[in-house]
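Asker: Sequence unavailable; structure follows:
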């Protein structure tokens, strides 16, 4: 087991303090390095050698200060020596190493300055005092898996913005619809081809700049002519064709076959196109076309079509654990064994990938590129030391292994073109390595992208056998980012889709639209396994709601329990961000699942400070917790003996029961008799933000008094009208009782208030006491007659952890419900002493709040403004509550929730029963 990251940090601090500002000579390098390795729990004797002899290029011998084969090379120098020169010396040493000895990290150090060179080309330079901030560079030394994610290239974003402007201006002049979409696809291809050796470099820019008028009046005509030339083989072109046009090669594949209406350009539009040409499109990732769509489509259309732009950084989070990590592990395990390498090569050349909601093809593009990178590494080893010609014959991975289904016609076109472009980029990498050009055109093979509704076609129907393949082919991996659409936002067509997938199953309408893809993928995998014995693994990016609250119960009880599904890996909820225009600010999860067991289940969690925690799990349940496949049901009856919980009272009044403080003062001047019927009112907003609000509470009010209050009667008439106009029958019935709230749950005793909605940024959902005279609205939940012990447990971190995993969400904010409370596994058998400790700590929390009478609960529980005295009071309460559960502290949130799930199973499994003699809880419980 690797050391915990906290332990590594602690050791780094000790190391830094010990060696900082210490005058050391080169002779002290050995103890320095031994202690450096000790930071990461590494014994030098076990992995590394000092003064490793190596033969340099000039046949002279050299000595590496420390070599850990395959991992780390260190060259130490005295203070003040040239570290750049030392790095060149280390590079020379590498020429004398075997392939398996080549290090991933080269460290050049003079006891204070650290220069670290990584094998991915990243260089980091820092001082000893900054070691703690740069520890992640060395995480592999400690046994942590290093995961490289890359942020988006600003050039990509600039390209998308420019094309967005061109789109808008073409649309403004009346060039719209499918013609505009196809026009942009062609321009994108041409711009890329102009910078990436598909065309002679720069010929499109030259043609536009030199042959078209500055006012743009003839640009459309020239582009029409160019489109026609690109669709015509060289041997069939007119002999008198303009020489500059004739330089453009033939592009087959029907990309330019359709005749499009002639567009119209202005001088500004011509300049935008020239500005586009000035970008280096050869360096632009084809995945940027997804960003292009976000910059040119309106937000409603984007949401409905599911075209959330996904950065490559986020795509890598999915494809690495889905298939890439395992394939690279197999590559490294093969070493120099040619038979194993050939077997792996053959294996990856037969893999099939499907993205059933492919949009612009971002996932397929990135997956194809990464598979080609692996293939390049395999071929380099197989051909090492050989002179070869026709290098293309050694590369077997091709576009026709990749399939996509997309409802939108325009995105599906982009996906097909983008796959051609990434194929060309991969061929250029091969050309760079082996010195032989592999042309893209004429186009040979293509990805299969179909413009269909993925929920209404048979996914197997679009797959085709590869060349020489006899057996019925199947998808090995299904992946992607299906659209997220809640039940209130679905179109009638999408409702029909869900009815088809779920066969009108009970509660299925409450699921997010994305759940359809989970169910259909599981059905495909089941059929696949029965028919062909092929194991398929699926991974989707999804809204986090499918693994929380009621949706988790509905979806995963079907997939994991009824259909015996298995979650292989999962990313816990994280914020989805990228640099694209109008980026989708959503909270997502990634779930990889199948219908067969595997021995390596992993849960990934991104901490708030950006660190990635990797947890090896025994089993991953539908809440993305390492635990048994337990489903938390939406039960109305609690599993414990503590007080009942209920929603607050619901007015359904159109606002006519309510007053702000100013409104009330004005009202009472005119209607003073109503004063005795005025009560303080709290909804969630009023409770959290200390907002004063009031309501008419006319329960049991004498009719003769009401009759003599004309302003009250005016309000009651409006309430009756509002209710009568309601589409809900029960509300219509309450038009007969306009003096009453439509749902009255007001207790006659003091009660606890729990707001149903609370910000995710709060460590705790604020809970508080209220007297029976304050009317509690239905934006809150309430618990009558609560003890301090009940308050203390509910206000604890343990209860909050349970809430985070079990509650529903509004965007990313918490949505507390009675199901969270009714299913909560309270401490099994707390002693009187433990209860008293909780009560004392709970009172301390209330006392700490009371020190700030002018501050709202929202202020007090804002992480940036929470008073230290309140923080400390909560910490003491958390400790007291934890001790009611077990004597050992919980070392992490993951351990805490795993324990609670085990306890929940114990409660609901009937392994122990609450004491039946205690029919009523006393005040000290």
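Answerer: Done, it's in. Note that the structure is predicted; figures quoted are calculated from it, not measured. Numbers count the residues shown, from 1 in each chain.

Asker: Next one: residue 852, what pLDDT does it get?
Answerer: The predicted structure scores residue 852 at 97 on the pLDDT scale.

Asker: Secondary structure element holding it?
Answerer: Counting by DSSP states H and E, there is no helix or strand that carries residue 852.

Asker: Check this protein for its longest helix and report it.
Answerer: For the chain, the helix with the greatest residue count under DSSP state H is helix 409-434.

Asker: For the most far-flung residue of the chain relative to its centre, give me its contacts.
Answerer: Centroid-distance maximum for the chain: residue 704 at 61.5 Å, with CA atoms, centre = their mean. Residue 704 sits next to no residue when contact means CB atoms under 8 Å, 6 or more residues apart in numbering. Where you see a C-beta, it was placed from the backbone N, CA and C, and this is true even at glycine.

Asker: next structured bit after the helix or strand it falls within?
Answerer: Applying DSSP H and E as the criterion places residue 704 in helix 703-707. Per DSSP H and E, the first helix or strand lying C-terminal to helix 703-707 is helix 710-724.

Asker: Report the rounded mean pLDDT for that following helix.
Answerer: On average, helix 710-724 scores 96.

Asker: Mind giving me the packing neighbours of it?
Answerer: helix 703-707, helix 729-733 (3 or more CB pairs under 8 Å, 6 or more residues apart in numbering; DSSP states H and E).

Asker: mind listing what's buried in the last one?
Answerer: Of the residues in helix 729-733, those scored as buried under the neighbour-count criterion (16 or more other CB atoms under 10 Å) are residue 731.

Asker: How far away from the center of its chain is it?
Answerer: Taking CA atoms, centre = their mean, to the nearest Å, one finds the center of helix 729-733 at 43 Å from the center of the full chain.

Asker: So what touches that helix?
Answerer: 652, 723-724, 726, 742.

Asker: ok, and the closest non-adjacent residue to residue 103?
Answerer: Distance criterion CB to CB, 6 or more residues apart in numbering; nearest residue to residue 103, sequence neighbours excluded, is residue 73 at 4.1 Å.

Asker: circling back: now the weakest link among the helices and strands packed on helix 710-724, please, by mean pLDDT.
Answerer: helix 729-733 (a mean of 92).

Asker: after that one, next one along is what?
Answerer: Next along from helix 729-733, by DSSP H and E: strand 751-755.

Asker: Is residue 587 located within a strand, as I assumed?
Answerer: Yes: assessed by DSSP: H, G, I helix; E, B strand; the rest coil, residue 587 belongs to a strand.

Asker: show me the contacts for the residue lying closest to it once chain neighbours are set aside.
Answerer: The spatially closest residue to residue 587, leaving aside those adjacent along the chain, is residue 812, at 4.2 Å (CB to CB, 6+ apart). Listed by CB under 8 Å, 6+ apart, the contact set of residue 812 reads 544, 573, 575, 587, 760.

Asker: Among those residues, which are located in strands?
Answerer: 573, 575, 587 (DSSP state E).

Asker: How confident was the prediction at the last one?
Answerer: If you check residue 587, the pLDDT there is 82.

Asker: who's it bridged to?
Answerer: Counting by DSSP bridges, residue 587 forms beta bridges with residue 575.

Asker: where's it relative to residue 761, distance?
Answerer: 13 Å (CB to CB, to the nearest Å).

Asker: which non-adjacent residue is nearest residue 118?
Answerer: Closest to residue 118 by CB to CB, 6+ apart is residue 105, at 5.9 Å.

Asker: go on, residue 903?
Answerer: residue 825 is the one closest to residue 903 (CB to CB, 6+ apart), at 4.0 Å.

Asker: Next, the one you found: secondary structure please.
Answerer: Residue 825 ends up coil, using three-state DSSP.

Asker: Contacts only, for it.
Answerer: Residue 825 touches 639-640, 802, 900, 903-904, 906-907, counting by CB under 8 Å, 6+ apart.

Asker: Residue 211: which of the helices and strands packed on helix 710-724 is closest?
Answerer: Checking the helices and strands packed on helix 710-724 against residue 211 by CB to CB gives helix 729-733 as the closest, at 70.6 Å.

Asker: how about the strands in the stretch 401-550 of the chain?
Answerer: Here the stretch 401-550 of the chain has its strands, by DSSP state E, counting those that start in this stretch, at 402-405, 448-450, 477-480, 537-543.

Asker: Please apply the same query to the stretch 801-925 of the chain.
Answerer: With DSSP E, counting those that start in this stretch as the criterion, the stretch 801-925 of the chain has strands spanning 808-810, 813-815.

Asker: If we go by neighbour counts, what in the first one is buried?
Answerer: Buried residues in strand 808-810, defined by neighbour count with 16+ other CB under 10 Å: 808-809.

Asker: strand partners of that strand, parallel vs antiparallel please.
Answerer: Checking strand 808-810 against DSSP bridges gives partners strand 813-815 (antiparallel).

Asker: next one: the partner strand to chain centre, how far?
Answerer: That offset, for strand 813-815, works out to 18 Å (CA atoms, centre = their mean).

Asker: ditto for stretch 99-106
Answerer: 33 Å.

Asker: out of the contacts of residue 812, who's nearest residue 518?
Answerer: residue 544 (13.5 Å).

Asker: what's around that closest one, how many residues?
Answerer: By the measure other CB atoms under 10 Å, the count of residues near residue 544 is 22.

Asker: Count the neighbours of the residue nearest to it when sequence neighbours are not counted for me.
Answerer: Leaving out its chain neighbours, the residue that sits closest to residue 544 by CB to CB, 6+ apart is residue 573, at 4.2 Å. By other CB under 10 Å, 22 other residues sit near residue 573.

Asker: Tell me who's in contact with residue 573.
Answerer: Taking CB under 8 Å, 6+ apart as the criterion, residue 573 is in contact with 544, 587-589, 812.

Asker: Look up how far residue 172 lies from residue 851.
Answerer: For residue 851, the distance to residue 172 - CB to CB - is 61 Å.
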